[in-house]
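Peer 1: predicted model, plus sequence, below.
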Amino acid sequence: MIELAQVVQAPKIDYQGLAPLFSTIGGSLAVLMIGLFRGRFVQRTLVPAVAALALLVAMGMTIANWEAGDSRPIIEGALAIDTLALFMSMLFYVTGLATVALSLRSDVQREVGAGEYMALLLGAISGMVVLAGAENMVTLFVGFELLSIPLYVLSAGYVRRAHSLEAGLKYLVVGSVGSATLLYGLALLYGATGSTDFRAMAIAIGDTVAVTDPLLLTGVALAATGLAFKASVAPFHQWTPDVYEGAPTPITSFMAVATKVAAFAVTLRLFDYALSDAQVQWGPALAALATVTIVIGNAGAIAQSSLKRMLAWSGVAQAGYLLAGVVVGTQLGLQATAFYLAAYLFMNVAAFAVVIACERVSEHGDGIESLRDLGRASPLLAWPMTIAMLALAGFPATAGFIGKFYLIEAVVAGDYAWLGIVIVVGSMISLVYYLRVIAVMWMGRFEVELPSFPPRRVKAVAGRSPEADARAQPEVASVAILAAAATIFFGIVPSPLFDLVSDVGTSFGGLV
């Protein structure tokens, strides 16, 4: 027994490295327990406050880890705390805080229960943190499922509405197919390389296994397909418009941003690190996927009269732009993708915040008609939406323009100049539906052919005007204004964000 005790040693736990994850998981358990107590103050104030506090503590611990400058892997090499993981984690926490604010007056909290709602939200964020730092295929799959399962439930948050239950069921079925496909791909990658560790896989490819090995390439294809489901990459995007429309809008906003960030974080780590030596094989295939995604996403958005469906199709196109940064497999591509993910966060959160504010008072719900004359009725909401639409389209003086320019620079430097042209053409096509939204807000008499919604003025519920309701929802208006301000700030002064993504680019030492 003495000899056995001398041989078996307990693994060393890096508590500082795991502190952000402890905060989100601990916060999830705390809000679940607090939510058991009844009372308006507990349900409407205390539970969201504790959830926000957990996210703020996680942000503080993440900043401390970043300043420490120690990017070693932890948990026996299964989880990384490098700059890529820390940067993506910060995006998760910011999105989580915005979602908490946008959910304060949402009916979904009453239907799900405030404690359960916030516990599931923090659980999903915990899965995203694990996924972004995964250095091992087992850790990757654990993070993937920890992220997905809470979102299946949250998508069906309106348990008494058939549309919401349909969204949750569709997300569950399609997500399960994506998870199974990813798992098969990871199993084949393990069979080809003989390891589940990303570093060992990178060493094995080109050494003990040829880059043209059929088992390896099949595994790469299946893993890419599984991740494409989660990132809404065409042709694996079919679930996106229906789920986005049926899910509670605060959750739609969260999924549109945080889920995409998590999917691309692990895609960058898997393809640009573990599979970097096989880039010549998978690069053209991903480039073709990016092209198809940009075309399908922009074409699908043009005909939409629902703002949530339009933003869903827009998200598909944005996934194509982001995939271009992965394709090149370079440090510049990594930096450009990280920058655009941050810009995408601000643009999308601003847009969804305005959608939430308007659908709560308009008889048109999330229809584009709910925005008619918004520029006159409530400029505090109209301007953030205008900035968000211009940024998503890639107009100058916005973070969206800088992000797309950065991506184009990366693909041109990586010998994919034609893909840069596709990004430009896709951005030009997107003007059709982005500018239509702006026209409806500021030119109320502008004729727009939307057969589902007759051209009439927005009527507020219970005699309330959009302007009065904006004042009654200060947290929603604040989120919209702050996100829009960040979009403009980083479009005019991008250097602070450039400095951060430059550090992110050093996460994988082998990239050039």
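Peer 2: Happy to help now that I have it.
Peer 1: the bottom helix or strand of this protein by mean pLDDT?
Peer 2: helix 466-472 (a mean of 50; mean pLDDT, DSSP states H and E).
Peer 1: what is the neighbour count of the closest residue to Leu311 other than its chain neighbours?
Peer 2: Leaving aside its sequence neighbours, Leu311 sits nearest to Ala351 (CB to CB, 6 or more residues apart in numbering; 6.1 Å). Yep, even glycine has a C-beta here, placed from its N, CA and C like the rest. Residues near Ala351, counting by other CB atoms under 10 Å, number 28.
Peer 1: now do Leu104
Peer 2: Neighbours of Leu104 using other CB under 10 Å come to 16.
Peer 1: tell me how far whatever helix or strand comes next after the least confident helix or strand of the chain lies from the chain's centre.
Peer 2: Using DSSP states H and E, the helix or strand that follows helix 466-472 in sequence is helix 474-492. Mean C-alpha position of helix 474-492 versus that of the full chain (CA atoms, centre = their mean, to the nearest Å) differs by 18 Å.
Peer 1: list the buried ones in helix 474-492?
Peer 2: Judged by neighbour count using 16 or more other CB atoms under 10 Å, the buried positions of helix 474-492 are 475-477, 479-484, 486-488, 490-491.
Peer 1: report the mean confidence score over it.
Peer 2: For helix 474-492, mean pLDDT rounds to 92.
Peer 1: and what of stretch 12-23?
Peer 2: Stretch 12-23 shows an average pLDDT of 84 in the prediction.
Peer 1: contacts for that stretch next, please.
Peer 2: 54-55, 57-59, 61-62, 64-65, 68, 70, 74-75, 79, 81, 89, 126, 129-130 (CB atoms under 8 Å, 6 or more residues apart in numbering).
Peer 1: wait, which of the buried residues of helix 474-492 is closest to Ile205?
Peer 2: Phe490 (36.5 Å; CB to CB).
Peer 1: what distance do you get for the closest one to Leu216?
Peer 2: 39 Å (CB to CB, to the nearest Å).
Peer 1: and for Gly77?
Peer 2: 22 Å.
Peer 1: who has more neighbours, the two?
Peer 2: Between Gly77 and Leu216, counting by other CB under 10 Å, Leu216 is the more crowded of the two (24 against 15).
Peer 1: so how far is Leu182 from that one?
Peer 2: From Leu216 to Leu182 the distance is 16 Å (CB to CB).
Peer 1: also Ala58?
Peer 2: 26 Å.
Peer 1: these two: who's more crowded?
Peer 2: Ala58 (28 against 25).
Peer 1: quick one: contacts for that one?
Peer 2: By CB under 8 Å, 6+ apart, Ala58 lies in contact with 19-21, 23-24, 27, 89, 93.
Peer 1: for those residues, give me JSON lines that also has secondary structure.
Peer 2: Putting those into JSON lines (DSSP: H, G, I helix; E, B strand; the rest coil) gives the following:
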{"residue": "Ala19", "secondary structure": "helix"}
{"residue": "Pro20", "secondary structure": "helix"}
{"residue": "Leu21", "secondary structure": "helix"}
{"residue": "Ser23", "secondary structure": "helix"}
{"residue": "Thr24", "secondary structure": "helix"}
{"residue": "Gly27", "secondary structure": "helix"}
{"residue": "Ser89", "secondary structure": "helix"}
{"residue": "Tyr93", "secondary structure": "helix"}
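Peer 1: may I ask which of those residues has the most neighbours?
Peer 2: Of the contacts of Ala58, with other CB under 10 Å as the count, Pro20 tops at 31 neighbours.
Peer 1: next SSE downstream of the strand or helix carrying the residue nearest to Leu311?
Peer 2: For Ala351, the host element (DSSP H and E) is helix 331-359. Using DSSP H and E, the helix or strand that follows helix 331-359 towards the C-terminus is helix 374-377.
Peer 1: give the buried residues for that following helix.
Peer 2: Quick answer for helix 374-377 (16+ other CB under 10 Å): 374-375, 377.
Peer 1: likewise stretch 425-435?
Peer 2: 426-427, 429-431, 433-434.
Peer 1: nearest to Ser305 among the residues you listed?
Peer 2: Nearest to Ser305 among the buried residues of stretch 425-435, with distances taken as CB to CB, is Tyr433, at 10.2 Å.
Peer 1: hang on, isn't that closest one packed against Ala299?
Peer 2: No: using CB atoms under 8 Å as the test, Tyr433 is too far from Ala299 to be in contact (10.1 Å).
Peer 1: so for the host helix or strand of Pro250, what's the average pLDDT?
Peer 2: Assessed by DSSP H and E, Pro250 sits inside helix 249-254. Averaging pLDDT along helix 249-254 yields 92.
Peer 1: let's have the buried residues of helix 474-492 in TSV, adding distance to Pro150.
Peer 2: Output for these, formatted as TSV (distance: CB to CB, whole Å):
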residue	distance to Pro150
Glu475	23
Val476	23
Ala477	28
Val479	21
Ala480	25
Ile481	29
Leu482	26
Ala483	23
Ala484	28
Ala486	27
Thr487	28
Ile488	33
Phe490	30
Gly491	33
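Peer 1: what's Ala319 in contact with, if anything?
Peer 2: Taking CB under 8 Å, 6+ apart, one finds 231-233, 237, 260, 293, 297 in contact with Ala319.
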